[in-house]
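> fold the stuff below for me.
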Amino acid sequence: MRLRRYLNRIYDTLRIRQEIRIVSLRVEEIEPNQEGLVEARLQFWDGSQLYIDEVLLAQGSLLVKTPYAYHYQDAQSNLIFRYDDAPHHPHLSTHPHHKHTPQGVVEANPPDIADVLKEIDELLYGAS
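All right, here's what the predicted structure looks like:
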């Protein structure tokens, strides 16, 4: 049930944001109460886009995202940031989790989609 609640929250969070154009959205429970998927492509007022890819596994009372990626780029397809868990930066203390920025790769914990949207809101609209 925890998986279904999470997927419903993601779906509702994305659908309620009227200022975001949903180019594509797939939120699916692949195996009931055990595995889920979130794939989305969102466009913001300035032409910037957010790509979301999450595979979710229910492990006891925990939901584990692996693999995941939140890729945000400007209208010209230049990277603004990307969170992911690809295991190619073993020197980071948060390995395999990290964040790509135009300045390089930094340590980061896996964010929630609400945190990613808040980060984008701050970039688009200023600090709240």
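> going by C-alpha atoms from here, please, whenever you check contacts or count neighbours.
OK.
> center of this structure - which residue?
residue 70 (3.7 Å; C-alpha atoms, centre = their mean).
> that one touches residue 84, doesn't it?
Yes: with contact defined as C-alpha atoms under 8 Å, residue 70 and residue 84 form a contacting pair (6.6 Å).
> residues in contact with the residue nearest to the centre of the chain?
Shown in contact with residue 70 (C-alpha atoms under 8 Å, 6 or more residues apart in numbering): 50-53, 82-84, 116.
> could I get those as TSV with secondary structure?
Output for the contacts of residue 70, formatted as TSV (DSSP: H, G, I helix; E, B strand; the rest coil):
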residue	secondary structure
50	strand
51	strand
52	strand
53	strand
82	strand
83	strand
84	strand
116	helix
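> all helices for the protein, in order.
2-16, 113-125 (DSSP state H).
> for residue 46, find the nearest of those.
Evaluated with C-alpha to C-alpha, the helices of the chain place helix 113-125 nearest to residue 46, the distance being 8.2 Å.
> what about residue 82, neighbour count?
20 (other C-alpha atoms under 10 Å).
> turn the helices of the chain into TSV, including distance to residue 42, mean pLDDT and mean neighbour count.
Output for the helices of the chain, formatted as TSV (distance: least, C-alpha to C-alpha, whole Å; pLDDT from 0 to 100; neighbours: other C-alpha atoms under 10 Å):
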stretch	distance to residue 42	mean pLDDT	mean neighbour count
helix 2-16	9	93	15
helix 113-125	11	96	14
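> dump the ones you listed to a markdown table, plus distance to residue 105.
Listed next are those as a markdown table, based on distance: least, C-alpha to C-alpha, whole Å:
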| stretch | distance to residue 105 |
| --- | --- |
| helix 2-16 | 26 |
| helix 113-125 | 17 |
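> out of those helices, which is closest to residue 45?
Taking those one by one with C-alpha to C-alpha, helix 113-125 is closest: 8.8 Å.
> who's in contact with residue 85?
66-69, 95-98, 110.
> 10 Å instead?
Going by C-alpha atoms under 10 Å, 6 or more residues apart in numbering, residue 85 touches 65-69, 94-99, 108-110.
> now these in CSV, with neighbour count, distance to residue 39 and pLDDT?
Shown next, in CSV, are the contacts of residue 85 (neighbours: other C-alpha atoms under 10 Å; distance: C-alpha to C-alpha, whole Å; pLDDT from 0 to 100):
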residue, neighbour count, distance to residue 39, pLDDT
65, 21, 13, 91
66, 15, 13, 88
67, 15, 12, 95
68, 22, 10, 97
69, 23, 10, 98
94, 16, 24, 96
95, 16, 23, 96
96, 18, 21, 96
97, 24, 19, 96
98, 26, 20, 98
99, 21, 19, 98
108, 18, 21, 97
109, 15, 20, 95
110, 21, 16, 94
